[in-house]
Each structure stands twice: as C-alpha cells, then as structure tokens.
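**Q** Please work out how this folds:
(chains A and B)
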Amino acid sequence: MGIFTLVPFADVLKRSFFHGMSREFAGFENYISVLGNEAFRLAAFNTFRFVVLCVPALMLISLLLSVILSLCKFGADFFKTTMLVPMALPAASVAFLWRAMFHKNGLINRLLIFMGIGAIDFMNTDMAFYILTVCYIWKNSGYDMVLWTASLSNISSSLYEAASVDGAGHIRQFFFITLPGLKQDFFIIGILSLINSFKVFREAYLVGGSYPHTSMYMLQHLFNNWFASLEMEKLCAGSVMVAFVIFLLILLLKRVLKEE
Amino acid sequence: MKKFFNINIIILAVFSLFVWLPLAMIAGGSFMSGDEFQESLSPVFEEGDSENMAKWNIIPKYPTLRPYVEVLIDSPGFFVMFWNTCKIVFPVLAGQLLICVPAAWGFARYDFRFKNTLLLLYMVLMLMPFQVTMVSNYLVLDRLKLINTHMGIILPAVFSTFPVFIMYSFFRSVPISMIEAAEIDGAGELEIFIYIGLPMGAPGIVSIIVLGFMEYWSIIEPPLIFLKDKSLWPLSLFMPDIASGSGGLYLAASVLMIIPSMLVFLFGKKYLEKGIRAAGLKE
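**A** I've put the predicted structure just below:
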C-alpha cells in the first residue's frame, strides 16, 4: 500500500522539483521582468477581477437556489438535474452557442434591436468579461448547488422548528440559523469554486482564441502565449508566482475560518 | 407563504429555461441543412462586417438528416478525432482507478508522518490551473519522450489529485470497527482493501468515473499544448472550417459529442451528486 501512496507522491515531488530547478536557473531577474511586463499586469488584474467577482457571485446565487430548492415541495429533482446539465456540456458546444448569441450580429442583438434598444458589440467591449462571468455561473451553479444542499441537510431541522415556535420568519431563520450552520463549509465550497473558475478558460479560449478582447485576457491566455513563443523563463517565474499566491490564499482562508 | 412559493417556482423555471433552451437550439439546429445554416448563422461567422443578423430556428424550416450523414459517413476526420478522445478518456479513467483509489485508501487508513502536510500539498496541486503546471509537465514529458503522443496526455491525468480527494472522503466513512473485525478474523491488508474498502467505496468509484468522464471528454488545454500533430487531436478540438460552408456539420458533430456525455451524466447522476458532495465534506 505504501508504494501506491508513494507513486503519486513521487509525481508531486517531481513537479515541485522542476519548479525549483527553473527558479534556480532563472534567478530573480525574471521575476522583476515579469512583474514589469504589461501583459502580465493586465492578465493578472483580469484574473484577479474575475475570481473576486465570480466566486462570491456563484456561491451566493447557488446558495439561494439551493435554499429555494429545499423549500420546493415537488419538482425538486427535476430542477436539480436541470441545473447540473450544463456541467455535462462540452466546452466546444458552449463556445459555439456563445458566439451565436453574443456576436455583434448575434441572436441577443437581434432581440435588442427588435426591442428598439440597439445593438451592443458584446465581444469587443468590456461586456466580454461579464459574459465570461455569466458563462461561468451558468456552468457551475449546479455543482455548487449540490454542495450547498448537502451542507444545508446537515443543519438539524429541530432548530428551524424551535425558531418558528419562537416566531421567527423565513428571512430571520435564514440569517440566524442557515448562514451560521453553513459556515464550516464555506472554505471548501470556495476552494472548489475557485478550481472551476480556472476552467472557464476553455470557453474563453474557444470563443476568443489566443488574443481575445483585453477585458478577458486571463493569465491562462498569457501563459499559453508565452509557451507558444517559448519564453520559458517568464513562464516559469510566472508559474511559481501564481502557485505561491494560490498557496498563500489557501493558508489564509484556512486560518481565517479556523479563528472563527 | 403561498405567494413566496410561486416566486420560487418562477425563479427555478427561468433558470431551467436558460439550460434547456440552448440544448434545444443545438439539437434542433443540428437538423438544419447546410444552406439553411449558412443563411441563418453566417453573419456570426463571416469575417468583416455584415448587415444581416443571425437567426436560429429551433425547428428548422427544412429539417434534414444530411448533416448527420455527412459527419458519420463523409468525414473520416470526425472518426479519427472520436477515437482519439476515446483513446484518452478510457485509459485515463482506468489509470486513475488503479492509482488514485489505493492512494486514497492509504491516506484514509494509515497515519503516517507528514500526512497532513501531504494532504495540504495535494490540495494545493489540485488547485493549480493547468497553465501553472504546464512547464513542469512539459519538461517531464519531454524527458520521457512523450510529447506529441496520447500517453503524454494520459499520464499526467492519471496522477491528478482530485479523484484521490473524493475517494479519501469515501474511505474515511468506512467504520473502523468493521476493519478491526476483519483483522481479528485474520484478514490481511490486501484482503481488507478488496473485501471492505472497495465495496464500501463503490459509489465513490462510480462518481470518480462520472466526473472524470465529463472532465476528459471535453479536455482542451493539454492536447492543444502537447499534441503538435493535429491528427492526434481529440474531438473537443473539432472545429470545422465554418466559413467554408461546412458549418452545418458542426452542430451535428456537437450533438454526437454531447450524447455520450449526457448518457454518462443521466445514468451516473446519483453518484455524481455523491461525488461532488464527498469532495466537499471535509478537508
């Protein structure tokens, strides 16, 4: 059994070893040049903005959905399935639909013109970023909803009964029982949402290619482009920094939640 | 209370519409003839400015099976890519079962030094976007001479950490007393794993397969980076040259690609939920 645990561990070691080696090879100069790089700043800013906006939005929306769903007397199973369906859709199909919908001559604009609002060039303005956000929430709300539902089911129903005997309404019950009850799962759901937020690159890439509109130019695009142009030292320095930031983020989140 | 309930239903219904409408569009659109596709959607895919707006009839004006015939019979490329996808997905799943399940068992069953550190390390690795580990992956694969082979995609995926996490939480729910009872009866480590661990972890194994299938069925980044030879590309990178008039094929191909994923999803839905939940339980 030890061997089986060691095999993945060896892989882990190997990976970390290679990160370390590239750092030694490159020295700190690369870090400085990467930090000064305009494309890196743009991409890091976009990625940061995306994560900060998306992850809480997704968590909130899916939490509301799962609360609504838990109040549903019938049809809950149907809606649950429905919300998980986007997970099973291949990224390429999503990207195709996206293009048909949000292109300058696309379906949404047709509707907007019909309603007398006038066309918006979604893909070549800052709107592109928000469409990416919507796409992410659309795709992942089912996943998060299942997590929240599991978390909700851990809250004992006697608490709710006691509260309604004391005369607390639905809203009050939500804030004083549901939210505190969910606290312990915030961390892990946040982490899983974060993982999925990196995967949105698939759609972004299939829609926008290597150089999409600047508002959705992510670190992933940048890394891909660096890779394509064989700028290894930048890539390594960038990777190490991102890895470091993610590591810090996890430690920070863990600490914050433990203190509570 | 009654009113509140109705609002909930409306919210859910709107959400469902957002899900089912696109699906209906893809399914319906796949029966469009090449000409109709061109007429309806060329404004979106043409280069340069076009005055026309795109349209999309969910039920095509002249439904036809031609796109399917063309994809299935007249385009060998589709089959090659379909097989490429299979050649990646199934070995990955098999490999993950072979590696991740025993690894998770080891984590759940034994206490050893640095176990928590190792788990944290796993979690960090799980979080890394592909682009961050891309270089190290590339260097390793290059040394093993696996660049531009399917093996180069499969191997890193087999050692991914996410399935380990899922199995870990499934195995941790195996009652200790059960294992102790088996030990008293003289069962060896391997026997305990096979006769207690595996059956108890069966739902977890199914959920790994379901989640893994959906993940690797639409794998994008690794093949894009590590496979230089386009004849090795999987179906997820299938993008026919829409401008040249073969766009009608695309939707039919999409439907054919969605079907396996949907089937796995529908049959494995129960386990999928379990798997998602297991990932969220603890640590």
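**Q** what helices or strands is the one helix or strand residue B:21 maps to leaning on?
**A** Element membership for residue B:21, per DSSP states H and E: helix B:2-29. Secondary-structure packing of helix B:2-29 (3 or more Cβ pairs under 8 Å, 6 or more residues apart in numbering or on different chains; DSSP states H and E): helix A:38-71, helix A:76-88, helix A:91-102, helix A:127-152, helix B:247-267. (Each C-beta comes from the backbone N, C-alpha and C, glycine too.)
**Q** let's see it at 7 Å
**A** helix A:38-71, helix A:76-88, helix A:91-102, helix B:247-267 (3 or more Cβ pairs under 7 Å, 6 or more residues apart in numbering or on different chains; DSSP states H and E).
**Q** Any chance of TSV for those, columns distance to residue B:9?
**A** Formatted as TSV, the helices and strands packed on helix B:2-29 follow (distance: least, Cβ to Cβ, whole Å):
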stretch	distance to residue B:9
helix A:38-71	9
helix A:76-88	9
helix A:91-102	26
helix B:247-267	24
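**Q** Identify the residues contacting the helix or strand harbouring residue B:223?
**A** Using DSSP H and E, residue B:223 sits within helix B:221-226. For helix B:221-226, the surrounding residues in contact (Cβ atoms under 7 Å, 6 or more residues apart in numbering or on different chains) are A:227, B:130, B:134, B:141, B:147-148, B:152-153, B:233-234, B:237.
**Q** Can you tell me which of those residues is nearest residue B:85?
**A** Set against residue B:85, the nearest of those by Cβ to Cβ is residue B:234 (4.0 Å).
**Q** Show the contacting residues for the closest one.
**A** Residues in contact with residue B:234 (Cβ under 7 Å, 6+ apart) are B:81, B:84-85, B:88, B:219, B:223.
**Q** so what pLDDT did it get?
**A** Residue B:234 carries a pLDDT value of 81.
**Q** need the contacts of residue B:234 in CSV with pLDDT, secondary structure and neighbour count, can you?
**A** Listed next are the contacts of residue B:234 as CSV, based on pLDDT from 0 to 100; DSSP: H, G, I helix; E, B strand; the rest coil; neighbours: other Cβ atoms under 10 Å in any protein chain shown:
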residue, pLDDT, secondary structure, neighbour count
B:81, 83, helix, 22
B:84, 87, helix, 22
B:85, 87, helix, 24
B:88, 88, helix, 25
B:219, 82, coil, 23
B:223, 82, helix, 20
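**Q** ok, so of the residues you listed, who is nearest chain A?
**A** residue B:219 (8.9 Å; Cβ to the nearest Cβ).
**Q** Contact partners for residue A:92?
**A** Residues near residue A:92 by Cβ under 7 Å, 6+ apart: A:206, B:218, B:236, B:238, B:254.
**Q** Top of the residues you listed by number of neighbours, please.
**A** Within the contacts of residue A:92, most neighbours by other Cβ atoms under 10 Å in any protein chain shown means residue B:218, with 26 neighbours.
**Q** hang on, it packs against residue B:236?
**A** Yes - if you go by Cβ atoms under 7 Å, residue B:218 and residue B:236 touch, sitting 4.6 Å apart.
**Q** Spit out the residues that contact these two alike.
**A** Common neighbours of residue B:218 and residue B:236, using Cβ under 7 Å, 6+ apart, are A:90-92.
**Q** re earlier: the helix holding residue B:21: how far from the chain's middle?
**A** Remark: helix B:2-29 is offset 24 Å from the chain centroid, using Cα atoms, centre = their mean, to the nearest Å.
**Q** buried set for it?
**A** B:8, B:12, B:15-16, B:19, B:22-23, B:25-26, B:28-29 (16 or more other Cβ atoms under 10 Å in any protein chain shown).
**Q** can you pull out the strands in the stretch 151-283 of chain B?
**A** Along the stretch 151-283 of chain B, no stretch is classed among the strands by DSSP state E, counting those that start in this stretch.
**Q** Could you pick out the residues of it near chain A for me?
**A** Residues of the stretch 151-283 of chain B that fall close to chain A, judged by Cβ under 7 Å from any Cβ of the partner chain: B:159, B:164, B:189, B:214, B:217-218, B:220, B:225, B:236, B:238, B:250, B:254, B:257-258, B:261-262, B:265, B:269, B:272-273, B:276-277, B:279-280.
**Q** What subset of the residues you listed is buried?
**A** B:159, B:164, B:214, B:217-218, B:220, B:225, B:236, B:238, B:250, B:254, B:257-258, B:261-262, B:265, B:269, B:272-273, B:276-277, B:279-280.
**Q** Run through chain A and note the low-pLDDT ranges.
**A** For chain A, the stretches with pLDDT under 70 are A:1-36, A:73, A:104-106, A:116-124, A:184, A:209-210, A:229-237, A:257-260.
**Q** swap that for the stretch 1-150 of chain B, sorry
**A** Across the stretch 1-150 of chain B, the ranges flagged by pLDDT under 70 are B:1-5, B:34, B:38-59.
**Q** how long is stretch A:219-239 from one end to the other?
**A** Stretch A:219-239 has an end-to-end distance of 10 Å (Cα to Cα, to the nearest Å).
**Q** no, scratch that, I was asking about stretch B:68-79
**A** One end of stretch B:68-79 sits 13 Å from the other (Cα to Cα).
**Q** buried ones in that stretch?
**A** Buried, per 16+ other Cβ under 10 Å, within stretch B:68-79: B:68, B:70-71, B:75, B:77-78.
**Q** which stretch of helix or strand covers residue B:111?
**A** Under the criterion DSSP H and E, no helix or strand holds residue B:111.
**Q** got the contact list for it?
**A** Residues counted as contacts of residue B:111 (Cβ under 7 Å, 6+ apart): none.
**Q** quick one: it from chain A, how far?
**A** Using Cβ to the nearest Cβ, to the nearest Å, residue B:111 is found at 12 Å from chain A.
**Q** what's near enough to touch the spatially most central residue of chain A?
**A** The centre of chain A sits closest to residue A:197, judged by Cα atoms, centre = their mean, with a distance of 2.1 Å. Neighbour list for residue A:197: A:50-51, A:54-55, A:136 [criterion: Cβ under 7 Å, 6+ apart].
**Q** at 6 Å instead, please
**A** A:51, A:54-55 (Cβ atoms under 6 Å, 6 or more residues apart in numbering or on different chains).
**Q** Could you check how far the residue nearest to residue A:69 when sequence neighbours are not counted is from residue B:153?
**A** Leaving aside its chain neighbours, residue A:69 sits nearest to residue A:76 (5.4 Å; criterion: Cβ to Cβ, 6 or more residues apart in numbering or on different chains). According to Cβ to Cβ, to the nearest Å, residue A:76 stands 39 Å off from residue B:153.
**Q** With neighbour numbers in mind, choose between those two.
**A** residue B:153 (26 against 15).
**Q** isn't that one right next to residue B:91, touching?
**A** No - with contact defined as Cβ atoms under 6 Å, residue B:153 and residue B:91 do not form a contacting pair (9.3 Å).
**Q** how about the nearest residue to residue B:81 once chain neighbours are set aside, what does it touch?
**A** In space, residue B:81 comes closest to residue B:235 once its chain neighbours are excluded; the distance is 4.4 Å by Cβ to Cβ, 6+ apart. Residues counted as contacts of residue B:235 (Cβ under 6 Å, 6+ apart) are B:81-82, B:85, B:257.
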